[in-house]
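Undergrad: I would like the atomic coordinates for the input below:
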Amino acid sequence: MLRIERDEVRALTLQAHGLIRSRDRRPTRRSLQREIEALGFVQVDAIQVLERAHHLILRARCRGYRPVHLKRLLEEDRSLFEHWTHDAAVIPTSFLPWWTYRFAEFAERRRARMARRAKRARDFEALLRDVRQRIEREGPLRSSAFETPPDHPAGSFWNWKPAKLALEYLWRTGELAISGRDGFHKQYDLFERVHPKRAACPPLSLEAYLDWAIPEALERLGVATPAELAGFWGGISANQAKTWCRQALTEGRLVEVETFQGDAERPALAVALPDLPRRIARLREPADEVRLLCPFDPLIRDRVRAARLFGFDYRFEGFVPAAKRRHGYYVMAILDGGELVGRFDPRLDRSDHVLEVRRLRWERGQRTPARRERLQVALDELAVDLGADRVRHRRDG
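TA: Modelled structure (predicted):
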């Protein structure tokens, strides 16, 4: 069993998440593609307090990034595709052969449930067939191209009409793909028209998917527990990951790692790839700059892991009633070098062209004059990128 220190696990995590080297890199198509491949995926989320999550994630790693850079890779080069990991995400197209397992897994797990949700369609199979045939005849279509039944009840964002259910089901099972977006609205097309070179990939078994997914997750986590490995890509359970890791340890494909993390008195047990000592020997010091991380950034989206590695207790409070929020609706974390040192609740006043910083909170002992200066530089840069003229700090939140 290998024994490593918490600081080494932190550094491994930062390096795997693209947060060690400086942001001063030109965002070319090739460099951005490499960045996303190294991350494994970039989460997509509809919330737009400042900008969509996927753009904020990439901005934190590449100065000069613009949304058009990602759009070109998705819609022109087709070197990325949209699908599902633990949530909706942009994923390298080179991973599509392994995603055939995810297509089949979703079909098996959700077909009956989706059919029940489409109860106003007499026959879910007929609904799927009709939607598929319209797209085959007419080309890429948005959900709005399909009628909403007059008796369909109004409701929440997820109260989809039958055709939307069918579109999402066909997308999640690999029969349709996202050919582009109109604003943030998906345009669905036949998978073979969007990704013709990948249309003939045969479905993978669970065993084949695990053989790919767990080592690839470890490439991007450095050191992790089976539960963290299961949650990285999604589609597998913690027990499945634990069983796979146990077998891989006996075969020498993994090594067991002991490390003290957080304030725990007992060491945590995790696994890593056998070349872990080489990875540790090649670690570099993080760049001396502040980065602003959105709630869905890979470094903090796993809240338990962020608390254990960095002592940073973070919770996304977007779905918490306003009166019960501790820090705010869309709290961003402040990463300075290799430490998570604070957080704030931003607001972009688009009419007044102002980036508001509300409820700025520093972690205990982390507020210094130099750090405040670096934070202001990062905020000023973010304001310019978002089209704001200035930054306004509000003490009252």
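
Undergrad: by contact count, what packs against the helix or strand that Glu373 is a member of?
TA: Assigned by DSSP states H and E, Glu373 belongs to helix 369-385. The contact analysis (3 or more Cβ pairs under 8 Å, 6 or more residues apart in numbering; DSSP states H and E) places helix 369-385 against strand 290-293, strand 332-336, strand 354-362, strand 390-394. To be clear about C-beta, it is placed using only N, CA and C from the backbone, and glycine gets the same treatment.

Undergrad: what comes up buried for the last one?
TA: In terms of neighbour count (16 or more other Cβ atoms under 10 Å), strand 390-394 has its buried residues at Val391.

Undergrad: what angle do it and helix 369-385 make?
TA: 130 degrees (axes from the mean of the first three to the mean of the last three Cα atoms, to 10 degrees).

Undergrad: re earlier: now do the helix holding Glu373, average pLDDT.
TA: The average of the pLDDT scores along helix 369-385 is 95.

Undergrad: again with stretch 353-363
TA: What stretch 353-363 shows for mean pLDDT is 95.

Undergrad: ditto for stretch 94-102
TA: 93.

Undergrad: just the CA trace of it, in PDB.
TA: The C-alpha coordinates for stretch 94-102 follow below in PDB (Å, rounded to 0.1, in the frame of the first residue of the first chain):
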ATOM      1  CA  SER A  94     -13.600   9.900 -29.600                       C
ATOM      2  CA  PHE A  95     -15.400   8.600 -26.500                       C
ATOM      3  CA  LEU A  96     -18.500   7.600 -28.500                       C
ATOM      4  CA  PRO A  97     -17.600   3.900 -28.900                       C
ATOM      5  CA  TRP A  98     -17.800   3.600 -25.100                       C
ATOM      6  CA  TRP A  99     -21.000   5.600 -25.000                       C
ATOM      7  CA  THR A 100     -22.900   2.900 -26.800                       C
ATOM      8  CA  TYR A 101     -23.100   1.200 -23.300                       C
ATOM      9  CA  ARG A 102     -24.700   4.400 -21.900                       C
END
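
Undergrad: contact partners of that stretch?
TA: Stretch 94-102 is touched from outside by 37, 79, 81, 83-84, 91, 174, 195, 198, 201-206, 208-209, 212-213, 234-235, with contacts defined as Cβ atoms under 8 Å, 6 or more residues apart in numbering.

Undergrad: same thing with stretch 358-376?
TA: The contact list for stretch 358-376, computed with Cβ under 8 Å, 6+ apart, reads 288-290, 311-312, 327-328, 331, 334, 336, 339-347, 391, 393-394, 396-397.
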